[in-house]
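**Student:** got a structure for you, letters missing:
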Ligand SMILES: Nc1nc2c(ncn2[C@@H]2O[C@H](COP(=O)(O)OP(=O)(O)OP(=O)(O)O)[C@@H](O)[C@H]2O)c(=O)[nH]1
Ligand SMILES: [Mg+2]
C-alpha cells in the first residue's frame with residue numbers, strides 16, 4: 001500500500017451529527033466498491049452506477065453517521081446537482097489509469113472551483129487500486145492532481161468559493177477496495193477534520209505514512 005499525504009495533522013476526533021459526504025471520481029475508479037466495502041465490508045458484483053447510491057456509515061471512532069453519496073462517474077455533467085451542503089468531498093482515483101489521470105485532475109479542479117462547493121472544506125482523495133502492481137504511488141497521484149496548487153492558488157472563481165478553496169484541508173490516502181486497505185484510515189482523517197474544523201487551518205506540512 002502506498003503512502004498517505006496530508007496538509008494537516010490528526011487531532012483527537014469525534015463527529016457530532018450526520019454529515020453529508022460527496023463521493024466523486026471518473027467512471028470505474030472504484031467509488032461504489034469503496035462505498036460498499038465501507039458499508040457492508042463486501043466487494044465486487046457492481047455494475048457501473050446509473051444515478052447514485054447513498055449509504056450511511058457509522059465509523060467506530062465517530063459518534064454519528066456519515067451519509068455517503070456515490071454519484072455515477074459517467075454523468076459528470078450532472079455532478080453539480082449534488083454540490084450543495086456537503087461536509088467533504090471524497091475524490092476517487094484509479095491509480096492504474098495513467099491514460100485518464102489528467103482527465104481526473106481536470107474533473108477535480110472543476111468541482112472544487114464551483115461556487116456551490118464553497119462550503120465543502122475537506123478533500124479526501126483515495127488513490128485507489130493500490131493492490132495492482134502498476135499503480136501510481138500516492139505521491140504520484142497527488143502530483144498528477146496538482147492538489148497543492150489547487151488549494152493554494154487563487155482559482156478563476158472569486159468570492160466565497162475562492163476563499164473556501166484556499167482554506168480547504170486535503171489528504172491523499174492510498175486504498176484498495178479489493179483488499180479493504182486504507183479506506184477506514186481515510187475516513188478516520190475525515191472525522192478528525194470534521195471534529196476539529198474550528199482549529200487553525202493554515203498548517204501545510206505534509207505528513208506521510210507507509211501503510212494504506
Ligand atoms: N483491483 C482492484 N479493482 C478495483 C478496486 N476498486 C474497484 N475495482 C474494480 O474497478 C471496477 C470499477 O469499480 P466501481 O466501484 O464500479 O467503479 P465506480 O467508480 O463506481 O464506477 P461508475 O459507477 O461507473 O462511476 C470494478 O471492476 C471493480 O471491481 C480496487 O481497489 N482494486
Ligand atoms: Mg459506481
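**Tutor:** Noted; the coordinates are in hand. For clarity, every value in this text was computed on a predicted model and none was experimentally measured. Numbering: from 1, shown residues only. Ligands and ions are numbered 1, 2, ... in the order given.
**Student:** pretty sure residue 129 is touching residue 136, no?
**Tutor:** No: Residue 129 lies out of contact with residue 136 (CB atoms under 8 Å); the separation is 9.3 Å. C-beta coordinates here come from the backbone N, C-alpha and C atoms, glycine included.
**Student:** where do the contact lists of these two overlap?
**Tutor:** Residues touching both residue 129 and residue 136 (CB atoms under 8 Å, 6 or more residues apart in numbering) are 95, 96.
**Student:** And what about the residue nearest the centre of the chain, helix, strand or coil?
**Tutor:** The chain has residue 90 as the residue nearest its centroid, 2.2 Å off, counting by CA atoms, centre = their mean. Assigned with DSSP: H, G, I helix; E, B strand; the rest coil, residue 90 falls in the strand class.
**Student:** quick one: it from ligand 1, how far?
**Tutor:** To ligand 1, residue 90 is 11 Å away according to CB to the nearest ligand atom, to the nearest Å.
**Student:** What of residue 177?
**Tutor:** Relative to ligand 1, residue 177 is positioned 4 Å away (CB to the nearest ligand atom).
**Student:** What of residue 131?
**Tutor:** Taking CB to the nearest ligand atom, one finds residue 131 at 5 Å from ligand 1.
**Student:** Quick check: pLDDT value at that residue.
**Tutor:** Residue-level confidence at residue 131 comes out at 98, pLDDT.
**Student:** Torsion angles phi and psi at it?
**Tutor:** Phi and psi for residue 131, reported as degrees, to the nearest 10, are phi -70, psi -20.
**Student:** got a list of what it touches?
**Tutor:** Residue 131 touches 176, 178, 179, 181, counting by CB under 8 Å, 6+ apart.
**Student:** Which two of those residues have the greatest separation?
**Tutor:** Pairwise distances across those peak at 8.5 Å for 178 and 181 (criterion: CB to CB).
**Student:** higher neighbour count, these two?
**Tutor:** Higher neighbour count among residue 178 and residue 181: residue 181, with 20 against 16, using other CB atoms under 10 Å.
**Student:** Do I have it right that that one meets residue 173?
**Tutor:** No: Residue 181 is not in contact with residue 173 according to CB under 8 Å; the separation is 9.7 Å.
**Student:** Please enumerate the helices of the chain.
**Tutor:** In the chain, the helices defined using DSSP state H lie at 31-40, 101-112, 138-145, 147-152, 159-167, 183-195.
**Student:** what packs against the third one?
**Tutor:** Judged by 3 or more CB pairs under 8 Å, 6 or more residues apart in numbering; DSSP states H and E, helix 138-145 is in contact with strand 4-6, helix 101-112, strand 122-128, strand 169-174.
**Student:** Output the ones you listed in a markdown table, with distance to residue 193, mean pLDDT and mean neighbour count appended to each entry.
**Tutor:** Formatted as a markdown table, these follow (distance: least, CB to CB, whole Å; pLDDT from 0 to 100; neighbours: other CB atoms under 10 Å):
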| stretch | distance to residue 193 | mean pLDDT | mean neighbour count |
| --- | --- | --- | --- |
| strand 4-6 | 10 | 47 | 24 |
| helix 101-112 | 16 | 97 | 18 |
| strand 122-128 | 5 | 97 | 28 |
| strand 169-174 | 6 | 96 | 28 |
